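*Asks:* next input, structure requested:
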Amino acid sequence: MISTTRLPVNRLRPVRSTLCVAAGLALAATSPAAAETPWFPMKVYDASSGTPKPAEYTPLPKAEKPYRLCVLFPHMKDSFWVAVAYGIVKQAETMNVNMTLYEAGGYENLPKQLSQFDDCMASGADAIIVGAISGAGLSKKFEEAKAKGVPVVGVANPIPPNALPAAIYVDFVAMGGVTGEGLLAQAKPDAKLNIVTFPGPAGSGWAESFNEGFKKAVAKNPNAKVLAEKFGDSGVAVQLQLIQDALQAYPGMNVVWGTAPTAEAAIGAVAEAGRSDMKIMSSYENQAMLDALNRGDILAFATQYPVGEGAVSVDQAVRLIEKKPVMSLAQPLASAVDKTTVPKLQMGLVLAPGSWKPVYSVKAK
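*Replies:* Got it, this is the predicted structure:
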């Protein structure tokens with residue numbers, strides 16, 4: 001029997017979409033059928049050797065003991081991290097382990113995540129799962145945990161090579177690349193693409209890599225030009241200000257590419273500016289992006305299957321505790337999602353069911 005502690009309403013700040021959700025596509029993310037979609041085996045790349053190879057990930061059926069897992073997130077501002085949390089909670093329930101989750105409130109709060117890491121260590125956690133605000137910024141904490149024999153697993157966000165015994169995160173350069181290729185595929189051959197990118201928070205690692213992959217992809221088209229790169233926290237309010245500033249500074253801009261909150265903010269901003277010519281693309285997924293795609297307000301978004309990432313991270317942690325073979329670096333297969341490909345998407349690995357209320361703890365009995 002497992003009990004869960006629900007997240008208080010005032011602690012969660014999800015992205016709020018103002019879009020209407022049409023039947024059919026939106027139901028794929030919210031229906032009971034989506035919640036029941038089998039997650040495993042999950043197709044990944046096994047990059048443990050440094051050379052990614054196609055593989056399938058299947059977790060252990062159950063942990064040998066009700067271990068204590070401590071989980072750290074950058075924030076819970078949008079449905080991406082809610083999806084990762086859903087995967088973690090459900091897999092913790094399945095494997096009958098205890099789990100406690102802390103979120104730092106934003107990418108500007110590295111000191112808080114460092115303090116939360118210390119709290120995890122002090123609480124006697126058997127393993128720590130961390131969505132790192134900054135992999136480099138946490139490197140000393142990783143070393144401290146290793147010295148004390150506490151395994152740490154990286155989830156969703158990148159960490160420095162060989163810094164941890166196990167991690168699951170996408171190849172962010174490749175993920176940025178698929179959105180760049182998607183943009184070129186949907187643009188007319190002679191169309192001038194004047195792009196401003198909004199990659200996310202500087203220093204996060206994933207923002208820079210997303211941006212790198214996107215720029216490499218669009219560079220293949222001589223008609224595509226990146227006018228500027230605007231880094232900032234991945235909250236809607238911050239992104240909205242960046243977009244409004246860019247609309248003033250770069251009147252020739254006709255493509256907005258950036259985080260999911262960037263795209264959400266851009267929809268209203270470009271409408272208010274009367275820029276019906278603007279193309280909007282998101283470098284990753286959340287519920288608002290699915291809604292926006294359905295409405296035709298964005299061209300596409302990329303997915304890294306965050307529910308699956310959360311679930312795999314729990315299994316990796318248990319395997320490390322039990323000293324069992326573990327895939328030290330699992331990488332989801334990044335893919336671009338547009339109106340033609342969304343029907344094929346395994347939505348159960350992408351978004352938490354709409355009826356699911358995030359929780360901060362799971363107690364195994």
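
*Asks:* output the below-cut-off pLDDT ranges for the stretch 1-150 of the chain.
*Replies:* 1-37 (pLDDT under 70).

*Asks:* what do you get for the stretch 151-300 of the chain?
*Replies:* Applying pLDDT under 70 to the stretch 151-300 of the chain flags no residue at all.

*Asks:* all helices for it, in order.
*Replies:* 172-186, 206-218, 236-249, 260-272, 287-295 (DSSP state H, counting those that start in this stretch).

*Asks:* to residue 47, which of those lies closest?
*Replies:* helix 172-186 (11.1 Å; Cβ to Cβ). Quick note: C-beta positions are derived from backbone N, CA and C, even for glycine.

*Asks:* report all helices and strands that that closest one contacts.
*Replies:* helix 206-218, strand 255-258, strand 279-282, strand 300-303, strand 335-337 (3 or more Cβ pairs under 8 Å, 6 or more residues apart in numbering; DSSP states H and E).

*Asks:* how about a cut-off of 10 Å?
*Replies:* strand 193-198, helix 206-218, strand 224-229, strand 255-258, strand 279-282, strand 300-303, strand 329-332, strand 335-337 (3 or more Cβ pairs under 10 Å, 6 or more residues apart in numbering; DSSP states H and E).

*Asks:* give me whichever of these is most buried.
*Replies:* strand 255-258 (a mean of 29; mean count of other Cβ atoms under 10 Å).

*Asks:* given that one, what are its sheet partners and their directions?
*Replies:* Neighbouring strands of strand 255-258 in its sheet, by DSSP bridges, are strand 193-198 (parallel), strand 279-282 (parallel).

*Asks:* could these be laid out in JSON lines, adding distance to residue 85?
*Replies:* Converted to JSON lines, the strands paired with strand 255-258 look like this (distance: least, Cβ to Cβ, whole Å):
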{"stretch": "strand 193-198", "distance to residue 85": "25"}
{"stretch": "strand 279-282", "distance to residue 85": "20"}
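
*Asks:* any chance of a markdown table for the helices and strands packed on helix 172-186, columns distance to residue 118?
*Replies:* Converted to a markdown table, those look like this (distance: least, Cβ to Cβ, whole Å):
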| stretch | distance to residue 118 |
| --- | --- |
| strand 193-198 | 33 |
| helix 206-218 | 24 |
| strand 224-229 | 34 |
| strand 255-258 | 33 |
| strand 279-282 | 34 |
| strand 300-303 | 33 |
| strand 329-332 | 26 |
| strand 335-337 | 38 |
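
*Asks:* among the ones you listed, which comes closest to residue 47?
*Replies:* Smallest distance to residue 47 across these (Cβ to Cβ): 4.3 Å, for strand 329-332.

*Asks:* quick check: neighbours of the closest one in the sheet, parallel or antiparallel?
*Replies:* In its sheet, and by DSSP bridges, strand 329-332 pairs with strand 42-46 (antiparallel), strand 166-168 (parallel).

*Asks:* go through these and pick out the most buried.
*Replies:* Ranked by mean neighbours (mean count of other Cβ under 10 Å), these are led by strand 166-168, with a mean of 27.

*Asks:* any idea how far that one is from the middle of the chain?
*Replies:* 14 Å (Cα atoms, centre = their mean, to the nearest Å).

*Asks:* now tell me what touches it from outside.
*Replies:* Outside strand 166-168, the residues that touch it by Cβ atoms under 10 Å, 6 or more residues apart in numbering are 42, 44, 47-48, 57, 127, 129-130, 132, 135, 151-159, 161, 304-305, 308-313, 315-317, 319-320, 326-332.

*Asks:* out of the residues you listed, which are buried?
*Replies:* Buried residues within those, defined by neighbour count using 16 or more other Cβ atoms under 10 Å: 42, 44, 47-48, 57, 127, 129-130, 132, 135, 151-159, 304-305, 308-313, 315-317, 319-320, 326-332.

*Asks:* what about stretch 262-282, how long is it end to end?
*Replies:* Stretch 262-282 has an end-to-end distance of 7 Å (Cα to Cα, to the nearest Å).

*Asks:* show me which residues of that stretch are buried.
*Replies:* 262-267, 269-270, 275, 278-282.

*Asks:* reformat these into CSV and put distance to residue 223 next to each item.
*Replies:* Listed next are these as CSV, based on distance: Cβ to Cβ, whole Å:
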residue, distance to residue 223
262, 23
263, 22
264, 27
265, 26
266, 21
267, 25
269, 24
270, 21
275, 19
278, 16
279, 13
280, 18
281, 16
282, 22
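
*Asks:* which members of these are the farthest-apart pair?
*Replies:* Largest separation among the buried residues of stretch 262-282 by Cβ to Cβ: 275 and 282, giving 17.3 Å.

*Asks:* residues in contact with residue 300?
*Replies:* 178-179, 181-183, 185-186, 263, 279-282, 289, 293, 336-342.

*Asks:* repeat for residue 250
*Replies:* By Cβ under 10 Å, 6+ apart, the contact set of residue 250 is 194-196, 227-228, 230.
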